[in-house]
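1. task: produce atomic coordinates for the following.
(chains A and B)
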Protein chains: 2
Amino acid sequence: MNTTTNMSIESLRQEYLKGQITPDALIDSILEKCEGYQDYNIWTHLLSKQEIAPYIDALKNKKPEDYPLWGIPFAIKDNIDLAGIKTTAACPEFAFLPDSSAYVVSKLIEAGAIPIGKTNLDQFATGLNGTRSPYGPVKNSFKPDYISGGSSSGSSVAVALGLVSFSLGTDTAGSGRVPACFNNLVGTKPSIGLLSATGMLPACKSLDCMTIFSLNTDDANTVLSAAEGYDETDAYSRHNVYDNKPRHYGQNAQALKIGIVAKSDLNFFGSKEYEEAYWQSIDKIASNPNIELVEVDFSPFLQAAQLLYQGPWVAERYVAIENMIQTQPDAIHPAVRKIIEPGGSLTATDCFKAQYKLAALKTICDEILNSVDCLLTPTAGRPYTIQELLEEPIQYNNELGYYTNYMNLLDYSAVAFPTTFTSSGFPFGLTLVGNAMEDRKLLSIARRFHGESKLPLGTSDVKMNYPELATVQHSHSIDVMVCG
Amino acid sequence: MNTTTNMSIESLRQEYLKGQITPDALIDSILEKCEGYQDYNIWTHLLSKQEIAPYIDALKNKKPEDYPLWGIPFAIKDNIDLAGIKTTAACPEFAFLPDSSAYVVSKLIEAGAIPIGKTNLDQFATGLNGTRSPYGPVKNSFKPDYISGGSSSGSSVAVALGLVSFSLGTDTAGSGRVPACFNNLVGTKPSIGLLSATGMLPACKSLDCMTIFSLNTDDANTVLSAAEGYDETDAYSRHNVYDNKPRHYGQNAQALKIGIVAKSDLNFFGSKEYEEAYWQSIDKIASNPNIELVEVDFSPFLQAAQLLYQGPWVAERYVAIENMIQTQPDAIHPAVRKIIEPGGSLTATDCFKAQYKLAALKTICDEILNSVDCLLTPTAGRPYTIQELLEEPIQYNNELGYYTNYMNLLDYSAVAFPTTFTSSGFPFGLTLVGNAMEDRKLLSIARRFHGESKLPLGTSDVKMNYPELATVQHSHSIDVMVCG
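-> Residues are numbered from 1 along each chain as shown, chains lettered A, B, ... in the order given. Okay, here's the model as predicted:
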């Protein structure tokens, strides 16, 4: 399954600049490679060469030097619009044909990226496992009997298998992080509003984020920089802040005090392999002389997490597909329907009470988070086989969100990154957690730790070697240039 | 009704420092004066001399020089706790006896202020008129047949009549501004979270603010500075920002571009007197050579305003008194019950849909607000007699919120200030509107305009003459001190 092709953006970019490859040839090889993975259920729609052609043609008027994503193939989770291709959200009965691409997709194409296909997902982005789809369960890129993680299942596996250089996912409960963990990828869950949600089907409209799967953090920063920007048509769009701009991504070498989950709050749901991988990863980071790891109380984060599916936010999922659930409930995946349907009968008083509870928890969680430079947690508690998920679709899915569900409710940013493999060869990773608008800080720290791990990229045998970059400092102060 | 005593904080402070008055004598004169206004229904509980005595005694250990509110009498709206005195929220059946004072009340007492009484209000702070109380309608301080405005009715009239130097109100829909307008006062509605809500009965917990009524803006800043501070026990408390600290209050003399309501959106509900007073006030401000007034589209603000009572936020009022409304509905004022009761049957999907609508409107309103230094609107559209309100308790109350209801939904700060009197001698005022955490900027601008108006303080015949202060600039940049 391994391949020697380095699909990282910087590697492809160098090959383009040296004239060693052409977009046309690259796309041909990708489409050919895709044929070998048809039983992985990665795509809801893989674009034909004819459908891709206009994007390749458009590059003829652009110089690779001027466009950071020139000729870079990418995949789009199928709850995000690509003009002229049906958006299904993994529910064919729901499908519609968008006239225009999502705001972010348009920006990526403008920057030179080439869309390859729409990817499979847990229906309506409701799930963290990748089996809740009429297009079939998405297989794990390392162990095909295992789940890919979800809901951005196809988007993660497409990158891990080297079918694209990066992909777009979405994340409400952990959908941009869990699949990164299970497929040896960097999963960037930006601050809410940093990437426009225009053209993205909502799951919980007030909490959703578009996310980026990439082979390394440099690629994540490149894609984020091309994709971000305030969108006045998206009510939840936010202006970026001074010290979270692209140039604040770089070499992190500073002393760090990082919060880790108190032992009593750790849960690996019986997986000795993941528990071992966790401690091995933590010990390696702790061996760094200027990194201080301190245990923090994780229970308020877990309490916030429980509000996501046990609280009124399920009503947002109901609102997102209200017409569908009222007129064609049988067309909805049974597990998804079981989760969303009760959202229609919750009251406004439930809603405000839960928002008060969340506000109180946020005060506590913020204080914990602000006592350290960032938090560092497992991304997922254990891997599951596809068979296990099909047999226990709700319980095991809940377990998958143990370390992720609180994140958007508390308005935090996160980067999931690979740290090691289990003794049986399954990927494991950690997640860095920061305040909103600390995306570049987290990416820079993730770069440092990912760089130290010397892991291969995705399922390839290419080892990641990060080049030297300018050193960045992340603090709450402002750079001042004094002239005179 | 006029009095020659200048009850402003700075004036009393000077008298204290010169030894011309004592707290004991001042309190005696106030309690005597209060007897003359018993039919105004100002108080739910006026403290006895015995109840006030401990606060006077505590001053013996403090030097006036060290305590900015030393010996300054103040009133507390009766939905805010004062230790050992019942909080009724104008519903005797609801009353409870708090062990401790509200966070803000404690800070004010610590700064030397002396509580005089708990003030009457529209029950459960639901109303803008001051007639919805079993303690009787609060009479206007200038024209007793007229409403005081509400819900902070007693708090405003107590300051206007010179019974206290300042008072605490609350503001969800305009309760800290409308009564300021009708009683020739400065009404400061701080940014949500700047004043702690601990010990304040919620109306809409996610939107409520504690507010300050004062005779002038200097006093408002003095009280705000003593009262503000992050309170970790209040989930909605917020940290202040750099350029909104006390020292950013001062002399505003800069060129300003101020947005005023487009003519087509103005509404005086038939009051020629208020319409004339408005244009007279605007013309005076416009005559200032470095003030540019530009008409802005007010309709998105009005659309946001409609969400407050026609949207799901009514459910917050239901939550605040859930036990009461379920067990003793007949104890609730009929108009208040009519408004709050439907809040119990709204759905969570209603709630999220309205929050989406609000988020979209906020995007539009923010753009308008950020195109100018601040907005300037009438505070209320017209005055009403008490009789009129009793006959039309809902419709006229809705009209009272025309220029105020949107404010907290959109997370803005506001300062209402007097500008003139109508031809028949009723007070009129304007409101400055800014983003959250622009409180000092608004207070500084209000100081400038209020100073130019040379109005008397409250109902007294003392004319306001603001002393020279250090000039402040309000911009989005940061002051930098360079040493070397």
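
2. flag the shaky bits of chain A, pLDDT-wise.
-> Residue ranges of chain A with pLDDT under 70: A:1-4, A:476-484.

3. secondary structure class for the residue nearest in space to the middle of chain A?
-> Nearest residue to the geometric centre of chain A (CA atoms, centre = their mean): A:G176, 2.4 Å. In three-state terms, and counting by DSSP: H, G, I helix; E, B strand; the rest coil, A:G176 is coil.

4. wait, it sits on A:D208?
-> No - counting by CB atoms under 8 Å, A:D208 is not a contact partner of A:G176; they are 10.1 Å apart. Heads up, the C-betas are built off the backbone N, CA and C, glycines and all.

5. shared neighbours, these two?
-> Residues touching both A:G176 and A:D208 by CB atoms under 8 Å, 6 or more residues apart in numbering or on different chains: A:T170.

6. hmm, back to that, leaving out chain neighbours, which residue sits closest to the residue nearest to the centre of chain A?
-> Sequence neighbours aside, A:T211 is the residue nearest to A:G176 in space, at 2.8 Å (criterion: CB to CB, 6 or more residues apart in numbering or on different chains).

7. now the end-to-end length of stretch A:192-201.
-> One end of stretch A:192-201 to the other measures 15 Å (CA to CA, to the nearest Å).

8. do that stretch and chain B meet at all?
-> No - taking CB under 8 Å from any CB of the partner chain as the criterion, stretch A:192-201 and chain B are apart, separated by no less than 10.2 Å.

9. how about that stretch: buried residues?
-> Neighbour-count burial for stretch A:192-201 flags A:192-201 (criterion: 16 or more other CB atoms under 10 Å in any protein chain shown).

10. farthest-apart pair in the residues you listed, please.
-> Using CB to CB, the two most remote members of those are A:L194 and A:L201, lying 18.7 Å apart.

11. next, give phi and psi for A:T87.
-> phi -100, psi 120 (degrees, to the nearest 10).

12. one step back: so after the helix or strand harbouring the residue nearest to A:G176, what's the next helix or strand?
-> Element membership for A:T211 (DSSP states H and E) is strand A:209-214. Once strand A:209-214 ends, the next helix or strand along the chain (criterion: DSSP H and E) is helix A:217-227.

13. against A:D78, how distant is the closest residue to A:L161 other than its chain neighbours?
-> Distances taken as CB to CB, 6+ apart place A:S141 nearest to A:L161, at 5.2 Å, with adjacent residues excluded. To A:D78, A:S141 is 18 Å away according to CB to CB, to the nearest Å.

14. same question for A:E15.
-> Noted for A:E15: a distance of 29 Å to A:D78, by CB to CB.

15. and the two? Which one has more around it.
-> For A:E15 versus A:D78, the count of surrounding residues by other CB atoms under 10 Å in any protein chain shown is larger for A:D78: 30 against 16.

16. my guess is the more buried one meets A:T119, correct?
-> Yes - applying CB under 8 Å as the test, A:D78 and A:T119 come out as touching, 5.8 Å apart.

17. between these two, which contacts overlap?
-> Shared contacts of A:D78 and A:T119 (CB under 8 Å, 6+ apart): A:44, A:154.

18. excluding chain neighbours, what is closest to the residue in the stretch 51-200 of chain A that chain B sits nearest to?
-> For the stretch 51-200 of chain A and chain B, the shortest gap (CB to the nearest CB) falls at A:G193, measuring 10.2 Å. What sits nearest to A:G193 in space, not counting adjacent residues and going by CB to CB, 6+ apart, is A:R238, at 3.3 Å.
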